[in-house]
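# Quick one, fold the following:
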Amino acid sequence: ERNAARRTLNGNGMNGSLPPLPVADDDDDDDECDDAGGGGGDGMDEDGSEKGGFGTLFGHPYGALPYGNIHLAAPPPASSSPPIKQQWHPDTVRHTGLGPLLRQLNDEQVLSILSFCDGPSLCGAVTSSRFLYVAGHHEELWRDLALRRWGEEGFTVPSPDAASASCNTDGTTDGASKRKNTGCWKDIYAYNHHHNKTSHQSKPPTITLAHDPMPMSGIYSDTFFRSWLCRSFALQPSWLSTHTVPTLPHHEVTTSIFVKEYEEKNIPLLIKGASKTWPALAKGSDHKWNSEYLLKTTANKTFRATSGAAPLPASFSLSNYLKYCTSSTEEAPLYLFDRTFATKVPQLLEDFDGGLKDSCAWWKRGDEESGHDLFSVLGEGGRPDYQWLIVGPKRSGSCFHIDPNCTHAWNAPIIGRKRWIFYPPGVTPPGVFPSPSGDDVCMPISIGEWFLTFWDAHVERRKDPDVARRPLECTAYPGDVLFVPHGWWHMVLNIGDDDDDAVGSGGESKDDRGVSVALTRNYVSASNLSDVLRFLDTRVSQISGCRDRKEAVPPEELGREFRRALLSVEKETNTKVVGGRVEEEKKCDESQNNDSDRGKWVDLLERAEKRSKEGWGCGAWVDLSTPCTNNNSGLSNDSNASNEEKQRSATTGSSILARAKQQSCPTEDAALGANRSGTAATSSSSGGFAFHFFEL
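All right, here's what the predicted structure looks like:
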C-alpha cells in the first residue's frame, strides 16, 4: 500500500504498472533549479532541509497534485458532524463538483466534453464548481478556442508586463513574473474576443487585467498535473553535460575535410565559430539579430507557428510571438517554423547568406556546379521546401525525427543554445516506434515527456557494446554550425542562456534569454544523391515540402523531373519549372555549350543511379519486399532489446503512450517541416505517462 501511495496512477487511478520518473541529480547546481516560483525549484524544503525527488521551476498554478497524493488526503476534523464524515471521500472535490453522472468519466473525457464549449460557455462552466474551475482552465482548451477562431487571420497577444502590472493592488509590478507561470491563452482569447466585439466603436476600451489563478486544494489528477510537469520540470545538469558529437574549430575545416570525412561518411559534425562572422551574429554589426532589430526588420509581416499538440497552425507577427514566448506554459508550445521568411523579409536572408558562402564554402546555396544543393536545379519555386527560420520559447524544440526527403541539413543557432541528441541510422531512440514503412511513428509529442519517461533508457543506450549504435550528444551555441547527416534520428531542446558564462560566441543580450532563434537549411549533395533518388522512387507518400504549393513539382513527378533537371545543367542552359515540369531555355549561341559539363552530370547521375538500384546507402530505410537486415524500427534486430520491446515494436498501429488502453491516437506530426518525410507522430494526452509521487 505504501508503494502504491507513492506512485501516480494512470487517469483516475486504474493502472499502477507505470514506470517511475528518473532520479534527480545529486548535484543540483543547474541555474533552472534556482528560478523563482514554487514546486521545489530550489531543491529545499521550507525548513531548509534537502528536498528529495524531482525539482520543478514553479508550482501548479491551480494546485493540482498527482493522483497518488489522494492516499494521503486527510479526512475532516473530528469535530465535523457525523453525516459529513460518513459522506467524506478522499476525492470529494471531484465527486461533488461533477455530480453522480459526470464523475463516472475520467478526467480526459471531461476535458473532451469541455472542448465542445465556446468561450462564454467555458467561462460559465468554470464558475460551477472547484473541480470544473481547474478543468476549465486547462491551457490547451483556451489555446484551441483561440486557434480555431483567429489562428489563420492572426491575433493580438496582450503584453504580459502591462497586463500583469495592472492586476496588482499595491502598485507593484511583480505580477509580471507570476504571469509567466500561469499561461496566456485565456488572456489572448479574452482580449481578442473583446476587441472584436468593440471594434466598431471609435475608441474601444483597453483590456489590461490578466487572469489570476486561484489554487484549489483537493484536486488529484494526473491529466492536469502531467502537462504542467512536462513543461515545468527543472533540467538536470547530467542531461546537458555529455558531448560526443565530433567537433572541430572552424579554421581547421576545409571543403575537402568536410566532404570526405563527414558528409560522405554521414557523420554529424559541430563546427565551432563557423557563423560568428555572419552579419546576424558579428559583434558591432548593424544587422546583428536581437529583439529590437528583428522586430524592426519584420514589422507588418506574419509567420507560421505550429505544434504537434495543437489542432491548427497560427499566424503571428514576431512582436506577438515574442510576447507569447514570455507567457507560454504549454507542454508543447507553438513553434515558429517559417519556410517563406526569405521571401517575406529578404533582409533576413542577406544577413546570413553571404556570410555562409564566405565561411562555409561547402554549403554555398545553389552551388550545383560543385555537386552541392542539387535540388536547386529545379528552381526556387519547383524544389521542395528547404530553409526555415526557427523561433521558439525556452524548452521548446522538436521531438525525434529524421529530416525529410533523405536530405542532409545544417543548423545555426543565432540566439540561445540548443541541445541535440542523435541516434544513428537504423537505431531508433527509446520511446520511438516507427512502422516498418516509416509512414507512421508512435512517440511522445512533447520533449518534456520524453525526458521524464525515457531518459534512463537513453543513458543505457550510451553503454551499447557496439560503439556505432551509441547515441551522440552536444550543445550548440550561437556562432556554431551543426551538420545533420541524412537518416539520423535527432531531437532538439532549446535551453536558452541563463548566465553570462553560457553566452556563446554570438554574445546575445540578457533581454533575449529564454527565446531561441536559429536558421536551418536542407540540401542534396553528391554524397546522398543515390539515397534521395531511391527515396523519391519508393517513398512517394513520404515526400514532403511540395504538396501545398502549386508551383512546386508534384511528389509523384519529383524523381523524374529532378533527373531531367540534372541532365539539363549546361553552361548556357537555364532550367525553370512550368506547371510542375522542367523546361529548358537555351540561349542563342549554341556553340557555347560545354559538353564536358554535361558529361560530368551524366557520370554523376549514372553513379548515383547504380548505387540507388543496389540498395540504400543509409540504414535508416529498408525495403519491405526484402529481408530486413537493418530494421527501420531499430528494435527487432537490437541485441539489447527485450522480447517485450520487440513485441511492442511490431504493434505499429497502437500508441506507445496509451498501450495499456490499446488505443491508437495518430495525429498529424508537426515536427514543423522537419519530421520524417511526412510521417505521423502519435501521443496520448490521456495520462499514459508515469509520474512518481510528489510532495509539493
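
# For the host helix or strand of Thr223, list the C-alpha coordinates in PDB.
Assessed by DSSP states H and E, Thr223 sits inside helix 222-232. Provided in PDB are the C-alpha atoms of helix 222-232 (Å, rounded to 0.1, in the frame of the first residue of the first chain):
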ATOM      1  CA  ASP A 222      -2.600  13.000 -13.500                       C
ATOM      2  CA  THR A 223      -4.200  14.600 -16.500                       C
ATOM      3  CA  PHE A 224      -3.900  18.100 -15.100                       C
ATOM      4  CA  PHE A 225      -0.600  17.500 -13.400                       C
ATOM      5  CA  ARG A 226       1.100  15.800 -16.300                       C
ATOM      6  CA  SER A 227       1.000  18.500 -18.900                       C
ATOM      7  CA  TRP A 228       2.200  21.100 -16.300                       C
ATOM      8  CA  LEU A 229       5.100  18.900 -15.100                       C
ATOM      9  CA  CYS A 230       6.300  18.200 -18.700                       C
ATOM     10  CA  ARG A 231       6.700  22.000 -19.100                       C
ATOM     11  CA  SER A 232       7.900  23.000 -15.600                       C
END
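
# which secondary structure element contains the nearest residue to Pro213 once chain neighbours are set aside?
Nearest residue to Pro213 in three dimensions, chain neighbours excluded: Pro61, at 4.2 Å (C-beta to C-beta, 6 or more residues apart in numbering). Where you see a C-beta, it was placed from the backbone N, CA and C, and this is true even at glycine. In the assignment (DSSP H and E), Pro61 maps to no helix and no strand.

# My read is that Pro61 contacts Asp212, right?
No. Applying C-beta atoms under 8 Å as the test, Pro61 and Asp212 come out as separate, 9.3 Å apart.

# Give me the more crowded residue out of the two.
Neighbours were counted for Pro61 and for Asp212 using other C-beta atoms under 10 Å; Pro61 has more, 23 against 13.

# how much space is there between that one and Pro393?
17 Å (C-beta to C-beta, to the nearest Å).

# I'd assumed Tyr220 was in contact with Thr92.
No. In this structure, Thr92 is not within contact of Tyr220 by C-beta under 8 Å, at 10.4 Å.

# okay, those two: which has more neighbours?
Tyr220 (25 against 16).

# secondary structure class for Phe316?
strand (DSSP: H, G, I helix; E, B strand; the rest coil).

# so how many other residues sit close to it?
Phe316 - counted by other C-beta under 10 Å - has 25 other residues nearby.

# does it have beta-bridge partners, and which?
Phe303 (DSSP bridges).

# quick one: it and Ala305 touch, right?
Yes. Using C-beta under 8 Å, Phe316 and Ala305 qualify as a contacting pair, with a distance of 5.5 Å.

# what residues are shared contacts of these two?
Leu334, Leu336 (C-beta atoms under 8 Å, 6 or more residues apart in numbering).

# got the buried residues for the longest helix seen in the chain?
Scanning the chain for the helix with the most residues, using DSSP state H, yields helix 595-614. Across helix 595-614, burial judged by 16 or more other C-beta atoms under 10 Å covers Arg598, Trp601, Leu604, Leu605, Ala608, Arg611, Ser612.

# how many other residues sit next to the residue lying closest to Val524 once chain neighbours are set aside?
Closest residue to Val524 in three dimensions, ignoring its sequence neighbours and counting by C-beta to C-beta, 6+ apart: Leu374, at 4.3 Å. Residues lying near Leu374 (other C-beta under 10 Å) number 27.

# which ones are touching Leu374?
Glu368, Tyr523, Val524, Ser525, Ala526, Leu529, Val532, Phe562, Leu566.

# And the pLDDT for the closest residue to the fifth one other than its chain neighbours?
Once its chain neighbours are removed from consideration, Ala526 has its nearest residue in Gly371; the separation is 3.9 Å (C-beta to C-beta, 6+ apart). Looking at Gly371, its pLDDT reads 71.

# Kindly report the same for the one 5 residues further on.
Note on Ser376: pLDDT of 92.

# ok, now Pro237?
Model confidence at Pro237, given as pLDDT, is 86.

# Give the buried residues for stretch 346-361.
By 16+ other C-beta under 10 Å, the buried positions in stretch 346-361 come out as Leu348, Leu349, Asp351, Phe352, Asp353, Gly355, Leu356, Ser359, Cys360.

# which residue sits closest to the third one in space, ignoring its chain neighbours?
If the residues on either side of it in the chain are set aside, Asp351 comes closest to Ala280, at 4.2 Å by C-beta to C-beta, 6+ apart.
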